[in-house]
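Trainee: show me the folded form of this:
(2 chains)
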Amino acid sequence: MQNHNLIPLCEIPIGSSARVKKLNTKGGTRRRMLDLGIILNTEVKALQKSPSGDPTAYQVRGAVIALRDEDASEIMVSV
Amino acid sequence: MGLSVEASELNENSAYEIINSANNYVITLSGNPNVGKSTIFNSLTGMKQHTGNWPGKTVATARGEYQYDDKTFTLVDVPGTYSMMASSIEEEVARNFICFGKPHATIIVVDATCLERNLNLVLQILEISSKVVVCVNLIDEAQRKKIKIDLKELSKCLGVPVISSNARCGKGLDELKAAVFGVAEGYIKTKPYRVTYNSILQESADRLKAYVEEALKGSLNSRWVSLKLLEGDTSFLEDLKINTGINLTDDPNIHAALEEEKSALIKNGVDDDNFRDMLVTSIVSEASYIAEKTVIFENSKYNEVDRKIDRIVSSKIFGIPIMLGLLAVVFWITITGANYPSELIASFFSWLETKFSSFFIYLGAPIWLHDMIVLGIYRTLAWVISVMLPPMAIFFPLFTLLEDLGYLPRVAFNLDNFFKKACAHGKQSLTMCMGFGCNAAGVIGCRIIDSPRERLIAIITNNFVPCNGRFPTLIAIAIIFYGGVKKGGFAAIIPVVVVTGIILIGIVMTLLMSKLLSKTVLKGLPSSFTLELPPYRKPQVGKIIVRSIFDRTLFVLGRAVSIAAPAGLIIWIMANVEVGQISILDQCASFLEPFAHLIGMDGYILMAFILGFPANEIVLPIILMSYTSAGSILEYESLAKLGGLLTSNGWTGLTAICVMLFSLMHFPCGTTLWSIKKETGSMRWTVLSFVLPTVMGITACLIVTGIFRLFGWA
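Mentor: Residues are numbered from 1 along each chain as shown, chains lettered A, B, ... in the order given. Coordinates of the predicted model:
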């Protein structure tokens, strides 16, 4: 769990979990993420990709939320 | 979502009307999306509901009534939201109702299988209002997944009554009513949980609170309003001014105090952006803490079944085929299942017509009046009902079944990438699904898309999916010209393939047009996309049938009937009033003939599409009426007869294709256009919604006709 080892959420392998360390988004997108409970240290698990590979479904606080890669890439996590 | 009553005519009733009436409790029903809020609403209010708009906003709030202890409770169903931070119109409406609608109590419906995320909203509402009852719904689902919730502890934590329910079978609703009554009357005392924020925020808010309290005169929670001031939530402050007349920003004391606190915050490194972050972080972590104390997951793999299903229905290989397969099955059941009842209803109407007719003659009504009413209005109505009712009564329950199962969000998940490439929103696939039922409902359903640009795209292109009014035409033509009637067995599949093909063309056109729009008049980057995939649920088949018949089938049918009746009259007049010994209808048709010929049709067909503007379902009957020059719409007998009539009037394979294409792509019906005008508030987008599909339809027909004639196929 080291902070200097941050990767974008969209890069974690399916089936693995990671902790949110930083949100790079601003404005409406950031608000939406926060509303869904994606805050500092939230555990997020990548569940599966949609048939065409994007978006990806993540488990966040007991709910399943699909995010597009371009949005998930703004969420920095540590594995 | 759904084509529920919310999709019906929106009246402009003020939200305050109900509040001022005496002896009536106003209860807000709020909660996250997908928690069974509407099931609770329906179970509590039964059929006694009506819709209205929040003043000045185009978001409908459904209202209904129920009785308890001889008192009337008006339940206001505000839009489902994840938060009260008002980042969308829905959230603003929900927040404003709780803040300014002065409800006697607020029910917050939460999903027992996903309590932690739901508590986020609960804590936010508890900040605003103390008269709250939390309803932990879907408790049976939670038990099935071995999720245990300590309701007593939860109630102790939150300081408000907590009721568990399973609205689908009515469990817990009596307790809910009792608790709501208690809270509204005030004999159940609540002590709502208040979030402890970061001390820097909290202290600032506390200092500001003293001034705010004075200005608010107890009308709202002053700590929460102070936080809103610090946050710089201008939309809330504006709404506060509009609804209560309290103008906080102009108050010199508050203004001075606010400036002071803001600079103090900035000194501590808190700017506007991370202020909100800190607020939300406190709320989310406290929600997580409460959930930890009250929820026990006895089986850590509680949602494994859902994931397994997801892995199949959204798999790389099977995802799309399963979806198309389901679509085809739904249409196949609708097509084959609707035939028999259609003929049955038609023969009933035909029997009724003779009775109706002799009744008129008995009254001694003049012949022209008899013809106008019986042959003009009655027959049009009879046609619309016998052609539309059976497919709708089959299609809507099937669609609702998929919705109820939780499958529809998976459709959006599977298809999002296509929509992303078209610079549109994945949820557009859901509004398209609604469009299959009724485009007007689909247009209104576009409210589920929270980014304005993507929402407009979805509204303008919704007409590219054929609605229920166009289905009967498509299906009838497909069956007549592609074999279903003559041969049995395997051949019955061909019309299904043809209809599915037409729908696919519609979907491809939707995507192309969405792309075109976002490259031209609606330029912009796709905004963020979040889509919840809710747990699968066991559908309540009985309820589905009842609700989809009442909410959707009868609603759409009622509208069609009310449009078809006057249209039937006008068409009858056009067909029977002669100018220079030729009826108006014939004259119009021969005027249109040259152009219609170019696009593979004839003047009567084009005329029928124009006359069908009020309701697409009467296009085919008008065509038949013109061919038989009967001066009135024929009685519907059977598809085989209908086919014979069409071919004897020069219909070929080309005509069939062009009619189907034009039916798929032409101007939206009157109701849909009216909805577009209402939803977009702009004449420009309404006109575009009219022109775009029409131009595309004419172009497609021109090309097909050109190819057919070039190769000598027609």
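
Trainee: from here on, just use CA atoms for contacts and neighbour counts.
Mentor: Will do.

Trainee: strand partners (parallel or antiparallel) of the helix or strand hosting B:L75?
Mentor: Assignment of secondary structure by DSSP states H and E places B:L75 within strand B:71-77. The partner list of strand B:71-77 in its sheet, established with DSSP bridges, is strand B:24-31 (parallel), strand B:60-68 (antiparallel).

Trainee: which one of those has the most crowded surroundings?
Mentor: Neighbour counts averaged per stretch over those are highest for strand B:24-31, at a mean of 25; criterion: mean count of other Cα atoms under 10 Å in any protein chain shown.

Trainee: keeping just the C-alphas, turn that strand into CSV.
Mentor: Included here for strand B:24-31 are C-alpha records, laid out as CSV according to Å, rounded to 0.1, in the frame of the first residue of the first chain:
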residue,chain,number,x,y,z
ASN,B,24,-54.1,16.3,4.7
TYR,B,25,-50.6,15.1,5.4
VAL,B,26,-48.0,15.6,2.7
ILE,B,27,-45.3,12.9,2.7
THR,B,28,-42.2,12.9,0.5
LEU,B,29,-41.0,9.6,-0.9
SER,B,30,-37.3,9.7,-1.7
GLY,B,31,-34.5,7.3,-2.2
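
Trainee: what's the following helix or strand after it?
Mentor: On the C-terminal side of strand B:24-31, the nearest following helix or strand under DSSP H and E is helix B:37-45.

Trainee: show me where the chain has strands.
Mentor: By default, I'm working from chain A. Secondary structure of chain A (DSSP state E): strands at A:7-8, A:17-23, A:43-49, A:56-60, A:63-67, A:75-78.

Trainee: look at chain B instead
Mentor: Going by DSSP E, chain B shows strands at B:24-31, B:49-53, B:60-68, B:71-77, B:105-111, B:132-137, B:147-149, B:162-164, B:295-297, B:530-532, B:578-579, B:582-583.

Trainee: got CSV for these, with distance to B:G506 too?
Mentor: As requested, the strands of chain B are exported to CSV (distance: least, Cα to Cα, whole Å):
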stretch, distance to B:G506
strand B:24-31, 35
strand B:49-53, 32
strand B:60-68, 29
strand B:71-77, 34
strand B:105-111, 37
strand B:132-137, 39
strand B:147-149, 44
strand B:162-164, 45
strand B:295-297, 46
strand B:530-532, 24
strand B:578-579, 39
strand B:582-583, 36
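
Trainee: tell me what the helix or strand bottoming out on mean pLDDT in chain A is packed against?
Mentor: Ranked by mean pLDDT, DSSP states H and E, the weakest helix or strand in chain A is helix A:27-35, scoring a mean of 82. Under the contact criterion of 3 or more Cα pairs under 8 Å, 6 or more residues apart in numbering or on different chains; DSSP states H and E, the helices and strands touching helix A:27-35 comprise helix B:272-294.

Trainee: pull the contacting residues for B:A264.
Mentor: Residues touching B:A264, when contacts are defined by Cα atoms under 8 Å, 6 or more residues apart in numbering or on different chains, are absent altogether.

Trainee: what do you get if the cut-off is 10 Å, keeping everything else the same?
Mentor: When contacts are counted by Cα atoms under 10 Å, 6 or more residues apart in numbering or on different chains, B:A264 is found next to B:I200, B:S204, B:L258, B:V270.

Trainee: so how far is B:T45 from it?
Mentor: B:A264 sits 50 Å away from B:T45 when distances are taken as Cα to Cα, to the nearest Å.

Trainee: same question, B:M601
Mentor: 50 Å.

Trainee: again, but for B:I108
Mentor: As it turns out, when the distance is counted by Cα to Cα, B:I108 lies 16 Å from B:T45.

Trainee: more neighbours: which of those two?
Mentor: B:I108 (24 against 18; other Cα atoms under 10 Å in any protein chain shown).

Trainee: the more buried one against B:I125, yeah?
Mentor: Yes - between B:I108 and B:I125 there is a contact under Cα atoms under 10 Å: 8.4 Å.

Trainee: can you list residues touching both of these two?
Mentor: Shared contacts of B:I108 and B:I125, defined by Cα under 10 Å, 6+ apart, are found at B:S30, B:G31, B:L119, B:V132.

Trainee: who's the spatially closest residue to the last one that is not a sequence neighbour bridged to?
Mentor: By the measure of Cα to Cα, 6 or more residues apart in numbering or on different chains, the closest residue to B:V132 outside its immediate chain neighbours is B:T106, 4.8 Å from it. Applying DSSP bridges to B:T106 gives these bridge partners: B:T28, B:V132.

Trainee: show me what contacts B:T106?
Mentor: B:26-30, B:75-76, B:97-98, B:125-126, B:129-134, B:180, B:183-184.

Trainee: buried residues in the strand holding B:L75, which are they?
Mentor: Neighbour-count burial for strand B:71-77 flags B:F73, B:T74, B:L75, B:V76, B:D77 (criterion: 16 or more other Cα atoms under 10 Å in any protein chain shown).

Trainee: contacting residues around the second one?
Mentor: Neighbour list for B:T74: B:18-19, B:24-28, B:45, B:49, B:63-67, B:103-104 [criterion: Cα under 10 Å, 6+ apart].

Trainee: please name the bridge partners of the residue of the stretch 401-550 of chain B found nearest chain A.
Mentor: Minimum separation of the stretch 401-550 of chain B from chain A (Cα to the nearest Cα) falls at B:E532, amounting to 4.4 Å. Per DSSP bridges, the residues bridged to B:E532 are A:I65.

Trainee: any idea how far it lies from B:G406?
Mentor: Look at B:E532 and B:G406: by Cα to Cα, they are 11 Å apart.

Trainee: flag the shaky bits of the chain, pLDDT-wise.
Mentor: Answering for chain A, as no chain was given. Counting by pLDDT under 70, chain A has low-confidence residues at A:1-4.

Trainee: oops, chain B please
Mentor: Low-confidence regions of chain B, defined here as pLDDT under 70, cover residues B:1-23, B:47-61, B:86-87, B:483-492, B:525-527, B:551-552, B:556, B:559, B:629-638, B:714.

Trainee: in it, which residue sits closest to chain A?
Mentor: Taking Cα to the nearest Cα, chain B has B:K316 as its residue nearest chain A, at 4.0 Å.

Trainee: tell me, how many residues neighbour that residue?
Mentor: Neighbour tally, B:K316, other Cα under 10 Å: 16.

Trainee: was I right to think it contacts B:L415?
Mentor: No - B:K316 is beyond contact range of B:L415, at 11.7 Å (criterion: Cα under 10 Å).

Trainee: joint contacts of the two?
Mentor: By Cα under 10 Å, 6+ apart, the residues touching both B:K316 and B:L415 are A:S50, A:P51, A:S52.

Trainee: let me see the contact set for the second one.
Mentor: The neighbourhood of A:P51, defined by Cα under 10 Å, 6+ apart, consists of B:311, B:313-320, B:413-417.

Trainee: recalculate using a threshold of 8 Å.
Mentor: B:S314, B:S315, B:K316, B:I317, B:G319, B:I320, B:N414.

Trainee: now tabulate the strands paired with strand B:71-77 in a markdown table and tack on distance to B:A328.
Mentor: Listed next are those as a markdown table, based on distance: least, Cα to Cα, whole Å:
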| stretch | distance to B:A328 |
| --- | --- |
| strand B:24-31 | 35 |
| strand B:60-68 | 33 |
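
Trainee: how about B:K523: what's its closest non-neighbour residue?
Mentor: With sequence-adjacent residues excluded and distances taken as Cα to Cα, 6+ apart, B:K523 is closest to B:L517, at 7.3 Å.
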